[in-house]
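> sequence-free structure coming up:
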């Protein structure tokens, strides 16, 4: 262990993270809808439409082949009618956070690769949820932002985080363990703390913190779904996937594998939707 490693308290660090982007008001309102608070979806769609950059990206994603709409939507309100609020909310959060954490061309942390991975994890989590009886849109969001803490550390402790990332790639050591050794915190707890600060629902916060060890999660199902989605994104399928899962998730995936296998999205459709998100 590096005895001179800087030690940080997560809450203290977040309080001093001047580089942490401010969450736009419209995204705060969208997140608040997870909790079932009274809101007018039409009025919220109109507010989203007033952000020209965000609404344009939402419409490009909605009209991509990934969603396969039978007709083209031309405004956020129309997308709401055709797709439903849950799907529109997922697109808005994906597009909005990808905008406030833009890609950087230099450094060990490749944000473009990060967002590609995160988007696929979200899509796989949604597909799993549809077969396992969980909330698909909540699962998509939990998967999409499961490694949110990496973005935060890249924004706010970039030198230390990139050093940890490079060491992990060089030695094969677990990144979480390196972060704990060298910084006294890790991207899982940082991501969960930011999710709590931004008022994401508790299941999403728990999934961000525990998806690597879902058996330890207060709400095991969401963390387990996200872990399974990460393994699918890495290319594991069939018995290799099931063997990597803890019980009882392993049994549930095995029992529902025919549904899961047929419900997984086509890679080229995910890639197109991702390119649209970054355009």
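Structure's in. What do you need? Keep in mind it's a predicted model, so treat the numbers as computed, not measured.

> CA only for contacts and neighbour counts going forward, please
Noted.

> got the residue ranges for the helices in the stretch 51-200 of the chain?
Counting by DSSP state H, counting those that start in this stretch, the stretch 51-200 of the chain has these helices, from start to end: 52-62, 76-83, 85-100, 111-132, 136-144, 148-156, 158-171, 175-183, 187-197.

> most packed of the ones you listed?
Most buried of the helices of the stretch 51-200 of the chain, by mean neighbour count (mean count of other CA atoms under 10 Å): helix 136-144, with a mean of 27.

> circling back: redo the helices of the stretch 51-200 of the chain as JSON lines? Include distance to residue 214 and mean pLDDT.
Formatted as JSON lines, the entries for those read as follows, by distance: least, CA to CA, whole Å; pLDDT from 0 to 100:
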{"stretch": "helix 52-62", "distance to residue 214": "31", "mean pLDDT": "90"}
{"stretch": "helix 76-83", "distance to residue 214": "31", "mean pLDDT": "92"}
{"stretch": "helix 85-100", "distance to residue 214": "23", "mean pLDDT": "90"}
{"stretch": "helix 111-132", "distance to residue 214": "14", "mean pLDDT": "93"}
{"stretch": "helix 136-144", "distance to residue 214": "13", "mean pLDDT": "95"}
{"stretch": "helix 148-156", "distance to residue 214": "17", "mean pLDDT": "90"}
{"stretch": "helix 158-171", "distance to residue 214": "22", "mean pLDDT": "94"}
{"stretch": "helix 175-183", "distance to residue 214": "15", "mean pLDDT": "94"}
{"stretch": "helix 187-197", "distance to residue 214": "13", "mean pLDDT": "93"}
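
> pipe those into JSON lines and attach distance to residue 22 per row.
Formatted as JSON lines, the helices of the stretch 51-200 of the chain follow (distance: least, CA to CA, whole Å):
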{"stretch": "helix 52-62", "distance to residue 22": "15"}
{"stretch": "helix 76-83", "distance to residue 22": "23"}
{"stretch": "helix 85-100", "distance to residue 22": "8"}
{"stretch": "helix 111-132", "distance to residue 22": "18"}
{"stretch": "helix 136-144", "distance to residue 22": "19"}
{"stretch": "helix 148-156", "distance to residue 22": "12"}
{"stretch": "helix 158-171", "distance to residue 22": "18"}
{"stretch": "helix 175-183", "distance to residue 22": "24"}
{"stretch": "helix 187-197", "distance to residue 22": "11"}
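
> ok, now which ones touch residue 11?
Neighbouring residues of residue 11 by CA atoms under 8 Å, 6 or more residues apart in numbering: residue 193.

> what about it, distance to residue 190?
When distance is defined by CA to CA, to the nearest Å, residue 11 is 9 Å away from residue 190.

> try residue 73
Separation of residue 73 from residue 190 (CA to CA) stands at 37 Å.

> same question, residue 22
Distance, residue 22 to residue 190, by CA to CA: 16 Å.

> could you do residue 203 as well?
In terms of CA to CA, residue 203 sits 16 Å off from residue 190.

> for residue 88, same thing?
Distance from residue 88 to residue 190, counting by CA to CA: 27 Å.

> correct me if wrong: residue 119 contacts residue 276.
No - with contact defined as CA atoms under 8 Å, residue 119 and residue 276 do not form a contacting pair (11.8 Å).

> any residues in contact with both of these two?
Common neighbours of residue 119 and residue 276 (criterion: CA under 8 Å, 6+ apart): none identified.
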